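[1] 3D model of this:
(one chain, ligands or ions: 2)
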Amino acid sequence: MEIKHIVLRHLKMDLLKPFTTSVGTEYDKDFILVEVKAKNGLSGWAESVAAIDPFYKEETVKTNWHIMSDFLIPILLKEPITHPDQVSERFSHVRGNFMAKSALEGAIWDLYARENGMPLAKALGGTKDKIEVGVSIGIQSSEKELLDLIEKSLDEGYKRIKVKIQPGWDINILSLIRKHYPDIPLMADANTAYSLDDLELLKSLDEFNLTMIEQPLGFDDIIDHARLQSEIETPICLDESIHSAEDVRKAIQLGSCQVINIKIGRVGGLTESKKIHDLCGSHGIPVWCGGMLESGVGRAHNIAITSLENFVLPGDTAASSNYWAQDIIEPEVVVNNGLITVPDKPGIGYEPDRSKIEDFTLYSKVFRI
Ligand SMILES: O=C(O)CCC(=O)C1=CC=C[C@@H](O)[C@@H]1C(=O)O
Ligand SMILES: [Mg+2]
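    Ligands and ions are numbered 1, 2, ... in the order given. Got it, this is the predicted structure:
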């Protein structure tokens with residue numbers, strides 16, 4: 001791969017509906033889109049999942065812009081890359097900043113796949129030609145709005161419903177859902193809203209036959225989650241606590257969880273995501289692909305990684321139309337009966353739409369060798 005230049009763009013897209021979790025509400029989406037342009041004219045694309053605020057993890061659009069511009073891009077441009085697996089090694093002495101690293105590494109993966117004429121899914125070792133997906137429904141302003149959204153999602157064929165919970169919007173809500181939908185595959189994401197002081201409440205989750213409870217405790221905890229998992233039947237899924245395969249090794253050793261949510265951006269990229277996938281597979285721990293309200297570019301990367309064998313649970317990769325009036329890729333991501341067909345074209349398999357990207361771009365910068 002001979003890089004000609006790298007373009008960072010700060011985009012802002014309006015969500016079709018606000019998305020509320022226990023840590024806040026997102027009304028629109030600011031994110032960094034990365035384009036790595038090669039001398040042969042091909043471009044690789046990826047996006048950072050860092051938000052405008054540090055409420056999910058510590059990275060933001062601004063911290064990303066700084067770390068990418070002042071550290072990671074100079075490292076990338078210093079010497080040629082022959083395989084995307086080299087990128088995370090090159091970045092390893094930069095601490096943390098996983099989302100910034102992931103966005104640049106993902107664009108290199110896309111470029112590598114395009115240059116080799118293969119779908120990104122295949123370049124990653126994927127085996128599936130269709131993937132099952134679910135949908136993540138935020139905290140709503142009424143129980144009726146929640147039930148209406150669940151009904152709509154099931155009508156659209158999604159294979160699994162994920163609802164956000166928090167103190168005061170939890171047991172009552174899950175009980176209401178189960179009254180209307182006793183048998184649907186249902187999971188809850190607490191986004192760190194509880195502590196071991198809530199042990200009795202968390203034990204009562206077991207009556208709802210959830211497929212999992214996602215990240216009930218602290219955002220950087222695996223010890224208390226191990227104690228909780230020993231007290232409840234419902235499988236714990238870790239999201240925010242997991243940044244690497246090393247974290248997964250410790251969580252498995254401690255019994256902190258029975259499921260792992262892989263988010264490419266949270267763990268520093270596709271190479272680390274593959275390592276986590278393989279480690280979990282060797283320990284009988286199922287994985288699924290979480291979402292970060294990505295545009296179609298990030299959605300495309302999520303589809304590619306979900307084609308790997310041990311992604312056995314439906315992920316949060318819903319259709320473009322679930323989030324955006326207009327996505328920035330052609331074609332948009334569509335879901336048919338809860339399934340997405342894995343593209344068989346080179347790279348991410350969807351073409352970034354440059355005119356739409358320009359429409360949403362607030363500012364950009366080109367970095368040359
Ligand atoms: O992209 C999707 O549809 C999933 C969105 C989602 O659930 C989340 C997005 C961003 C941060 C988190 O609050 C939350 C999650 O924990 O998965
Ligand atoms: Mg989550």
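
[2] so E351 touches D327, yeah?
    No: checked against C-beta atoms under 8 Å, the pair E351 and D327 is beyond contact range at 11.4 Å. Every residue, glycine included, has its C-beta placed from N, CA and C.

[3] quick one: which of those two has more around it?
    Between E351 and D327, counted using other C-beta atoms under 10 Å, the more crowded position is D327 (23 against 15).

[4] next up, the contacts around that one.
    For D327, the contact set (C-beta atoms under 8 Å, 6 or more residues apart in numbering) comprises S295, G296, R299, S320, V333, K356.

[5] kindly recompute the last result at 6 Å.
    By C-beta atoms under 6 Å, 6 or more residues apart in numbering, D327 lies in contact with G296, S320.

[6] can you classify it by secondary structure?
    Using DSSP: H, G, I helix; E, B strand; the rest coil, the structure places D327 in coil.

[7] give me the pLDDT for the nearest residue to F219 once chain neighbours are set aside.
    Take F219 and drop its neighbours on the chain: the residue closest to it by C-beta to C-beta, 6 or more residues apart in numbering is E240, 4.2 Å away. With respect to pLDDT, E240 has a value of 98.

[8] isn't E240 up against G218?
    No: in this structure E240 lies outside contact range of G218 using C-beta atoms under 6 Å: 8.4 Å.

[9] of these two, which one has the most company?
    Counted by other C-beta under 10 Å, E240 and G218 do not tie: E240 has more neighbours, with 21 against 16.

[10] which helix or which strand is home to the residue in the stretch 101-250 of the chain positioned nearest to ligand 1?
    As assessed by C-beta to the nearest ligand atom, ligand 1 sits closest to S136 within the stretch 101-250 of the chain, at 3.7 Å. Using DSSP states H and E, S136 maps to strand 135-137.

[11] quick check: mean pLDDT of whichever helix or strand comes after that strand?
    Per DSSP H and E, the first helix or strand lying C-terminal to strand 135-137 is helix 143-155. On average, the pLDDT along helix 143-155 is 97.

[12] could you dump helix 143-155 to PDB, C-alpha only?
    Provided in PDB are the C-alpha atoms of helix 143-155 (Å, rounded to 0.1, in the frame of the first residue of the first chain):
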ATOM      1  CA  GLU A 143     -44.300   3.100  27.900                       C
ATOM      2  CA  LYS A 144     -46.600   3.400  24.800                       C
ATOM      3  CA  GLU A 145     -43.800   4.900  22.700                       C
ATOM      4  CA  LEU A 146     -41.500   2.000  23.700                       C
ATOM      5  CA  LEU A 147     -44.100  -0.700  22.900                       C
ATOM      6  CA  ASP A 148     -44.900   1.000  19.500                       C
ATOM      7  CA  LEU A 149     -41.200   1.000  18.700                       C
ATOM      8  CA  ILE A 150     -40.900  -2.700  19.600                       C
ATOM      9  CA  GLU A 151     -43.900  -3.500  17.500                       C
ATOM     10  CA  LYS A 152     -42.400  -1.600  14.500                       C
ATOM     11  CA  SER A 153     -39.000  -3.300  14.900                       C
ATOM     12  CA  LEU A 154     -40.600  -6.800  15.100                       C
ATOM     13  CA  ASP A 155     -42.700  -6.000  12.000                       C
END
